[in-house]
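Student: Have a look; sequence and predicted model below, questions after that.
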Amino acid sequence: MSNRKRTAMRLDDQVTVTCTDTDKEMPGTVVRMRGEWVDVSVSELMISLRRAKPGLWVGSKAGMEFTINAALK
């Protein structure tokens, strides 16, 4: 069994955002958190993502789907 623990996402955390339509990954920064929602800045784009299940956040922008998988540390 692994000794890794899930850590909560925090404001200003650097995260990897994945576009599920293109399979491209890009760096993002958590800029706002409210309940089950988190806003992430990717370049000049702001993406709102909702917690789909523990460790998985899903959102859409411009007709494309984006995800964040919370890191295990």
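Tutor: That came through, no problem.
Student: Every contact and neighbour count from this point should use C-alpha atoms.
Tutor: Fine.
Student: List the contacts of Leu56.
Tutor: 67-70 (Cα atoms under 8 Å, 6 or more residues apart in numbering).
Student: what's the burial count for Asp13?
Tutor: Using other Cα atoms under 10 Å, Asp13 is surrounded by 13 other residues.
Student: quick one on the thing from earlier: farthest pair in the contacts of Leu56?
Tutor: Spatially, the most separated pair among the contacts of Leu56 is Thr67 and Ala70, at 9.6 Å (Cα to Cα).
Student: Quick check: the gap between the nearest residue to Ser60 once chain neighbours are set aside and Val31.
Tutor: What sits nearest to Ser60 in space, not counting adjacent residues and going by Cα to Cα, 6 or more residues apart in numbering, is Phe66, at 5.7 Å. Phe66 sits 16 Å away from Val31, going by Cα to Cα, to the nearest Å.
Student: Between these two, tell me which one has more neighbours.
Tutor: Phe66 (22 against 16).
Student: picking up where we left off before, name the residues contacting each of Thr67 and Ala70.
Tutor: Overlap of the contact sets of Thr67 and Ala70 (by Cα under 8 Å, 6+ apart) consists of 56-57.
Student: Buried only: go through the contacts of Leu56 for me.
Tutor: 67-70 (16 or more other Cα atoms under 10 Å).
Student: ok so, going back, I'd like to know which of the contacts of Leu56 are part of strands.
Tutor: 67-69 (DSSP state E).
Student: Tabulate these (a markdown table), appending pLDDT.
Tutor: Below are those laid out as a markdown table (pLDDT from 0 to 100):
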| residue | pLDDT |
| --- | --- |
| Thr67 | 97 |
| Ile68 | 96 |
| Asn69 | 92 |
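Student: closest to Gly35 among those?
Tutor: Ile68 (16.1 Å).
Student: ok, and Pro27, which helix or strand is that part of?
Tutor: Assigned by DSSP states H and E, Pro27 falls within strand 24-34.
Student: what does that strand contact?
Tutor: 10-19, 38-43.
Student: And the average pLDDT for that strand is what?
Tutor: With pLDDT averaged residue by residue, strand 24-34 scores 96.
Student: CA atoms only: put it into PDB for me.
Tutor: Provided in PDB are the C-alpha atoms of strand 24-34 (Å, rounded to 0.1, in the frame of the first residue of the first chain):
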ATOM      1  CA  LYS A  24      -2.600  18.500 -24.700                       C
ATOM      2  CA  GLU A  25      -1.300  19.400 -21.300                       C
ATOM      3  CA  MET A  26      -0.600  23.000 -20.200                       C
ATOM      4  CA  PRO A  27       0.500  24.600 -17.000                       C
ATOM      5  CA  GLY A  28      -2.000  26.700 -15.000                       C
ATOM      6  CA  THR A  29      -2.400  28.600 -11.800                       C
ATOM      7  CA  VAL A  30      -5.200  28.300  -9.300                       C
ATOM      8  CA  VAL A  31      -6.600  31.900  -8.900                       C
ATOM      9  CA  ARG A  32      -9.900  31.400  -7.200                       C
ATOM     10  CA  MET A  33     -11.600  28.700  -5.100                       C
ATOM     11  CA  ARG A  34     -15.200  28.500  -4.000                       C
END
